[in-house]
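> Kindly return the folded structure for what I paste below:
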Amino acid sequence: MKGGTYRTLEEGGRADWRIALRLFRYVLPHRRLLAGSVVVLVFLSALKLAGPYAVARGVDLGIAGGNPEALMFWGVVFIVISALGAVGEYLRIQVSILTGQRVVYDLRARLFRHIHRLPVRYLDRTPVGTLVTRVTSDVEALAEMFSSGVAAIFHDLLTLVLMVGVLFWLNSQMALVALAALPLVLGFSLWFGRRMRDAFRTMRLRLSALNGFQQEAFTGVAVTRLFGREEYMQERFDRRNTTLRDAHFGTIFNFALFWPVVEGLAALAMAALLVLAAWLASGAELTWTEFTYFWLALQLFFRPIRELSDRFNVLQAALAAAERVFGVLDEKPEEEDAPDAIAPTRLNGDVAFEDVAFSYLADEPVLRGVSFRIRAGETVAIVGPTGAGKTSIISLLSRLWDVQEGRVTIDGKDVRAFPRRELRSRIAVVMQDVFLFNGTIAQNIRLGNDALTDEQIRHACETVHAAPFIERLEGGYGAEVRERGSNLSVGQKQLLAFARALATDPDILILDEATSSIDTETEGLIQDALHKLMETRTAIVIAHRLSTIREADRILCLHHGRLAEEGRHDDLLARDGLYARLYRLSYASAEAG
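As a prediction, the model looks like this:
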């Protein structure tokens, strides 16, 4: 069952049962509703037996027997039974949908919560559209199963069992003839089920691929237009859309094939029954009541078989969706915090890397034996070519990843000894690519932290000089931010990111190329604020801006995952090593400017 894969070609049926049983665990907390649903279904099945009996008695006594009063009486009985059936059907639908929605609510909430606890390595390799599909359309397929599939299947199966008993009770010879087609129907249904399972699995895979592509395409629509690649993107969309359409055609073909075959087998059974009924009636071995009741009961027997094709359609779609949902739920979340982990109230900010080795993929090391120390209150810049391991150092310090060898310490204590949530609350990270959520300016700074007061938010914005542009917006701190901050400039979004980081008064401040997209004038506004902030806390800066690098207390120069050089700007230039070469290639033009 590795990686959440339940089915193989050899054990598809057993896997379906495992998935169904696992889904049933989510129903158990709502067993009272489930019990009520079963009671209603048994009541409805009993009414389905009573209805044909009332009609049969009315035909026998009222029409064949020439008794209008009996026909009137049994007609009223049939109306009452039908009315009770309508009430029962209303209750069945209400209870089934209520049960289904409560179950799906719990499952969707657990799935969303689990995704937020998954390790970064899983989220990096999984398209966002795939995860969205799991939480939306896959869960909705389960909602349909719980709301209309499971209860209806139970109802149909119960009706079939009761009808078989009634048919044999009425006339065993006619029952055997009528049910002669049943083995063929069951065999065809099993074959049909295997085909539908594979068809729905393929459809879900292709739907997930299409959603992932659409998410990427809509996010990068500006790039597509700037390079005039609309037709190219349309072609890529059409290919994925075509494969999804073909997968849907596969499910439609199988479903369309099932219906006429079952109808044909039912027609053959009914024809054989008529021949036998004529023979029995000629020998006075069959009454009008028996024949009418048998005929109507047989109609009710084949109706659930035909309807089961619809139910089976829903069930197979749900099992295919559940396979995908459980595949995500079976991914291991981040490792639990150590049992003796102690949440830090404050950090001094003394950071050390001790012979750290780390890799994202096996045999592809990113950091190799890296050791350095950043004293509390010190500002250190990290530079190096692309892929040198700069951002990996930030990820290890924040415990987005954990080291494979060596250790990372803060104030002499291994970061793995701190609870992740509390550790990250004392470290503020400002990334180059700022992510803003739909909501107001204040909500994007607060991020659900109700401990932050409006005054603290305003103070943080004033400190990084974001307040002037915020106050010019309509609504001020209550102004709405569109998706990913599309109504704000790059500089404004980064100022908000600074305010978000500083509002919590962190002990360690990390700037991951956070000023690389800010224009010179905007950068000038925040330099004074950054100087004040860095005087009281440890600051780690990954920067391309020469001004930030030159004013750092120390510079760490990484190359091929190793610490190549460290020192102050002037000292490193005097060595004429790697840093001097990087400076001449990347920073000298900025200094001249």
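> Next, name the residue at the spatial heart of the protein.
residue 135 (2.9 Å; Cα atoms, centre = their mean).
> just the strands in the chain please.
For the chain, the strands defined by DSSP state E occupy 351-361, 364-374, 379-383, 405-410, 413-414, 427-431, 439-440, 480-481, 508-512, 538-542, 554-559, 562-567.
> Give me the distance between the fifth one and the centre of its chain.
To tie it back to what came earlier, the one meant is strand 413-414. Here the centre of strand 413-414 is set off from its chain's centre by 35 Å, with Cα atoms, centre = their mean, to the nearest Å.
> Same question for stretch 113-122.
Stretch 113-122 has its average C-alpha position 11 Å from the chain's average C-alpha position, going by Cα atoms, centre = their mean.
> okay, now residue 19: neighbour count?
20 (other Cβ atoms under 10 Å). Glycine gets a C-beta too; all of them are placed from N, C-alpha and C.
> typo on my end, it should be residue 82
Applying other Cβ under 10 Å, we find 12 residues neighbouring residue 82.
> how close does it get to residue 475?
Remark: distance between residue 82 and residue 475 (Cβ to Cβ, to the nearest Å) = 59 Å.
> What of residue 135?
Here the distance between residue 135 and residue 475 works out to 31 Å (Cβ to Cβ).
> again, but for residue 484
When Cβ to Cβ is applied, the distance between residue 484 and residue 475 equals 19 Å.
> Show me which of these two is the more surrounded one.
Set side by side, residue 484 and residue 475 give different neighbour counts by other Cβ under 10 Å, the larger being at residue 484 (15 against 11).
> I'd say that one and residue 436 touch.
Yes - applying Cβ atoms under 8 Å, one finds residue 484 in contact with residue 436, separated by 6.1 Å.
> Residue 304 is nearest to which of the strands of the chain?
strand 439-440 (50.2 Å; Cβ to Cβ).
> Neighbouring strands - and their directions - for the closest one?
For strand 439-440, the pairing partners within the sheet under DSSP bridges are strand 480-481 (antiparallel).
> got a list of contacts for the partner strand?
Residues outside strand 480-481 that contact it (Cβ atoms under 8 Å, 6 or more residues apart in numbering) are 436-441, 444, 487-488.
> Quick one: these as a markdown table, columns for distance to residue 423, neighbour count and pLDDT too.
A markdown table is the format used below for the contacts of strand 480-481 (distance: Cβ to Cβ, whole Å; neighbours: other Cβ atoms under 10 Å; pLDDT from 0 to 100):
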| residue | distance to residue 423 | neighbour count | pLDDT |
| --- | --- | --- | --- |
| 436 | 24 | 22 | 85 |
| 437 | 23 | 13 | 85 |
| 438 | 28 | 12 | 83 |
| 439 | 26 | 14 | 86 |
| 440 | 28 | 16 | 90 |
| 441 | 27 | 26 | 91 |
| 444 | 23 | 23 | 89 |
| 487 | 34 | 14 | 83 |
| 488 | 30 | 22 | 86 |
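> quick check, nearest of those residues to residue 200?
When the contacts of strand 480-481 are compared for distance to residue 200 (Cβ to Cβ), residue 438 comes out closest, at 33.3 Å.
> list the contacts for that closest one?
Residues near residue 438 by Cβ under 8 Å, 6+ apart: 480-483.
> Please enumerate the helices of the stretch 101-250 of the chain.
With helices called from DSSP state H, counting those that start in this stretch, the stretch 101-250 of the chain shows them at 120-125, 128-133, 139-144, 150-170, 172-178, 182-219, 221-226, 230-282.
> Would you agree residue 132 is in contact with residue 210?
No - with contact defined as Cβ under 8 Å, residue 132 and residue 210 do not form a contacting pair (11.4 Å).
> how close does residue 576 get to residue 108?
For residue 576, the distance to residue 108 (Cβ to Cβ) stands at 60 Å.
> Apologies, that question was intended for residue 258.
For residue 258, the distance to residue 108 (Cβ to Cβ) stands at 31 Å.
> Between these two, which has more neighbouring residues?
Summary of the neighbour comparison: residue 258 and residue 108, criterion other Cβ under 10 Å, with residue 258 having more neighbours (24 against 19).
> Distance check, the more buried one against residue 317.
When Cβ to Cβ is applied, the distance between residue 258 and residue 317 equals 14 Å.
> Kindly report the same for residue 433.
Relative to residue 317, residue 433 is positioned 38 Å away (Cβ to Cβ).
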